[in-house]
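In: Test case, fold it:
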Amino acid sequence: MKILLVEDDRTIASGLDYSLQQDHFETILCYDAGSARTYLEQQLNTIDLCLFDLSLPDGSGYDLCKQVKGASDIPVIFLTAIDDEVNVVMGLDMGADDYITKPFRVRELLSRIRTVLRRYHKPVQTKSTIEMDSIQINTLEGKVYKHGEEIFVTALEYRLLLIFGNHIGQVLSRNQLLERIWDVAGDFVNDNTLTVYIKRLREKLEDNPQKPTIIKTVRGLGYKVGD
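Out: Residues are numbered from 1 along each chain as shown. Next comes the predicted model:
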């Protein structure tokens, strides 16, 4: 599934781009209306869904929505600031399928994307399970199991574990982990908090947290799951 994301705030755009890819979507990222228009003119038939910020430096999501809906029946979701919410009706009237108000939770956005795609009868392919030694992550349920028994993890622990699960065999530095534990709602995590969450995950996942075999420390580099 390919999503065209148009968002001029590079921090939000980067976080959304990463989150969508983590959920197994292919993304095309544009920071302004001009580059989005060019892409739509050349590659419209390759896109499955569009995410448009309403306020762009050189135009608006309304104009892009008109371009899309005038040429094809591709779903469009608006990203809008609270102040724009009263005006989003205009977008819905021109054929937009949904909108979500900033700040928002990534999980809520992903849920809305799936709902819209289902309305268009477009199946969403997801990797339903990720296995790491004795640990299994069921991404459809958002649950974690150890030796087949469910274990409770917090939302941020789950997000951190999912990052490891999607990068099995790779060494991830602390800075890489901090950059990726990101939420549009602004739940940023500092270095000390990351240490606490790594410790908590090990206590829940490892048979011997003092000698971890799942989330391994690579001295001087970071952490690694798998070979």
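In: all helices of this structure, in order?
Out: In the chain, the helices defined using DSSP state H lie at 10-22, 33-43, 61-71, 88-93, 106-119, 155-165, 174-180, 191-205.
In: out of the ones you listed, nearest to Q136?
Out: Taking CB to CB, helix 155-165 is the member of the helices of the chain nearest to Q136, at 9.6 Å. Where C-beta positions appear, they are placed from N, C-alpha and C, glycine not excepted.
In: which of the residues in the helix or strand of the chain with the lowest mean pLDDT are buried?
Out: Between all helices and strands in the chain, the lowest mean by mean pLDDT, DSSP states H and E belongs to helix 88-93, at a mean of 76. For helix 88-93, the buried set under the neighbour-count rule, 16 or more other CB atoms under 10 Å, comprises 88, 91.
In: Below-threshold pLDDT in the chain: ranges please.
Out: Along the chain, the model assigns pLDDT under 70 to residues 82-87, 122-127, 182-189.
In: Can you give the domain ranges for it?
Out: With domains defined by automatic domain parsing, the chain comprises 2-119, 129-225.
In: deepest of these, which one?
Out: Highest mean neighbour count among the domains of the chain (mean count of other CB atoms under 10 Å): domain 2-119, with a mean of 17.
In: Next, the distance between the ends of that one.
Out: In domain 2-119, first residue to last residue: 16 Å (CA to CA, to the nearest Å).
In: again, but for stretch 135-149
Out: Per CA to CA, stretch 135-149 runs 9 Å from first to last residue.
In: returning to what we had before: switch the helices of the chain over to a markdown table; also include distance to G142.
Out: Below are the helices of the chain laid out as a markdown table (distance: least, CB to CB, whole Å):
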| stretch | distance to G142 |
| --- | --- |
| helix 10-22 | 13 |
| helix 33-43 | 32 |
| helix 61-71 | 30 |
| helix 88-93 | 29 |
| helix 106-119 | 8 |
| helix 155-165 | 7 |
| helix 174-180 | 18 |
| helix 191-205 | 15 |
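In: H147 is nearest to which of the ones you listed?
Out: H147 lies closest, by CB to CB, to one member of these: helix 191-205, at 10.7 Å.
In: what does that closest one rub up against?
Out: 135, 146, 151-153, 156-157, 160-161, 174, 177-178, 181, 189, 209, 212, 214-215, 223 (CB atoms under 8 Å, 6 or more residues apart in numbering).
In: Over to stretch 111-120?
Out: Identification of contacts with stretch 111-120 by CB under 8 Å, 6+ apart yields 1, 3, 25, 48-49, 51, 73, 75, 77, 97-98, 100, 123-124.
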